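Chemist: only the shape, not the letters, is given here:
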DNA sequence: TAGATTGTTAATCGATTAACAATC
DNA sequence: TAGATTGTTAATCGATTAACAATC
């Protein structure tokens, strides 16, 4: 057995999220039991890797049998802290922010955007998907009631650091940053960056050299 | 010296894209020469890492001096194949697709979305940011003229595999997939996945256990 | 020459996976 | 019992980084 949650490799939580999605599918297909080998077929992640990832958190399978699908789903949801709905605040009501607000996939995984903020007075007061855009100056006050701990930044790069500071001041300790800037945050605050353009650059790198001709 | 491009570690191209962005900033600030140690300060990436990443492609610095900012920028742009404009096609003219079409950051890094496709007859013929939404059935035909090799998928998950197949049939060999599905593609085709919800799940995992109370 | 910084070697670190005793 | 599959050990693999001779 493992002494609580020690030394979880960095890629493990992301793989857990992959397993969770696969298990949700299996539940819909009314599959009740699954072996690590089947998870490998479904996700492409090595069966030993799957078992090792789980081993950091406990023992959830039965030798010779496999895993109970529903039970494992609940376990992983608990580990990832998405068993109960996670409130999220979003700053930046532009095209991307709007797209995220309207994205149905968030709800399916128990995330709910509970408030939207912007600093543009032409936008403040408008509604997007049931939420009224609030003045960014209200952030700290508003989050006293929402108590969200996750924030999403979809503002232009030059504004991102200021927004991050405000989020942290409002009790946010996990930030999903879509601005192409690296944020400086105190320890205890986690940041994940999503950078489309960087992804495109990596893809361009992998293009073969020749095929440009013809 | 290195025998051309052999055994580049997987994380290297992504770091190259980070260096490129930093160098672009330095050019704007009219800095002419830079040492690996300064790159570390700017990007947070270890100086030895930076030098090693470059070493897979050649020797670009001068001992005792550092690197020529403009020259290194051009070199990295060439390595990433973003020296000339890269045409990109996008499939899925929903909220997210629209946001990407309007995103100014793409152009700045030499990517240009040259065509948009959808299968919804209510959308086909409309315009988003100067582009007319085309019938997905036109994809192969249209790309005979555009010759894009990179495609972006912003359709709902159940449609993503079909779209990927069509993209590949149209000569696309690099795909940026925003649908939360793992695509099956032939070897020679590269896929990068962007999954917001997975990112949020990783953030939720890192939330401290206690602070839910009060 | 003295000081600075590269490119690369070699040591370290961390993550993946094959193999297998334990267990159902 | 025989067959299947777990959880974990140990081997392998790959990536990071400190250290330093070579170079400006």
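Modeler: Structure received. Since this is a predicted model, take the numbers as computed values, not measurements. Numbers count the residues shown, from 1 in each chain, chains lettered A, B, ... in the order given.
Chemist: from here on, just use CA atoms for contacts and neighbour counts.
Modeler: Noted.
Chemist: domains for chain A, by residue range?
Modeler: Domain assignment for chain A by automatic domain parsing gives A:11-79, A:86-197.
Chemist: residues of chain A that sit close to DNA strand C?
Modeler: A:8-12, A:45-46, A:48-49, A:52, A:62-65 (Cα under 7 Å from any atom of the strand).
Chemist: please repeat the previous calculation with a cut-off of 10 Å.
Modeler: A:7-12, A:14-15, A:40, A:44-53, A:61-66 (Cα under 10 Å from any atom of the strand).
Chemist: which among these end up buried?
Modeler: A:12, A:14-15, A:40, A:45, A:47, A:50-51, A:53, A:61 (16 or more other Cα atoms under 10 Å in any protein chain shown).
Chemist: what's the closest of those to DNA strand D?
Modeler: Set against DNA strand D, the nearest of these by Cα to the nearest atom of the strand is residue A:61 (3.5 Å).
Chemist: and the closest one, what does it touch?
Modeler: A:67-68 (Cα atoms under 8 Å, 6 or more residues apart in numbering or on different chains).
Chemist: phi and psi next, for it.
Modeler: Here is the backbone geometry of residue A:61 (degrees, to the nearest 10): phi -110, psi 170.
Chemist: what's opposite it in the beta bridge?
Modeler: residue A:67 (DSSP bridges).
Chemist: and it, how far from residue A:72?
Modeler: Distance, residue A:61 to residue A:72, by Cα to Cα, to the nearest Å: 8 Å.
Chemist: same check, this time on residue A:102
Modeler: In terms of Cα to Cα, residue A:102 sits 30 Å off from residue A:72.
Chemist: and for residue A:168?
Modeler: From residue A:168 over to residue A:72 the distance is 33 Å, taken as Cα to Cα.
Chemist: what ranges do the strands span in chain A?
Modeler: A:33-34, A:61-62, A:66-68, A:86-91, A:111-118, A:127-128, A:131-135, A:150-153, A:174-177, A:190-193 (DSSP state E).
Chemist: return the most buried member of those.
Modeler: strand A:150-153 (a mean of 27; mean count of other Cα atoms under 10 Å in any protein chain shown).
Chemist: and it, which strands flank it?
Modeler: If you go by DSSP bridges, strand A:150-153 pairs up with strand A:86-91 (parallel), strand A:174-177 (parallel).
Chemist: as CSV, these with mean pLDDT and distance to residue A:147 would be great.
Modeler: Formatted as CSV, the entries for the strands paired with strand A:150-153 read as follows, by pLDDT from 0 to 100; distance: least, Cα to Cα, whole Å:
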stretch, mean pLDDT, distance to residue A:147
strand A:86-91, 98, 8
strand A:174-177, 98, 13
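Chemist: turn these into TSV, including distance to DNA strand D.
Modeler: Below are the strands paired with strand A:150-153 laid out as TSV (distance: least, Cα to the nearest atom of the strand, whole Å):
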stretch	distance to DNA strand D
strand A:86-91	28
strand A:174-177	21
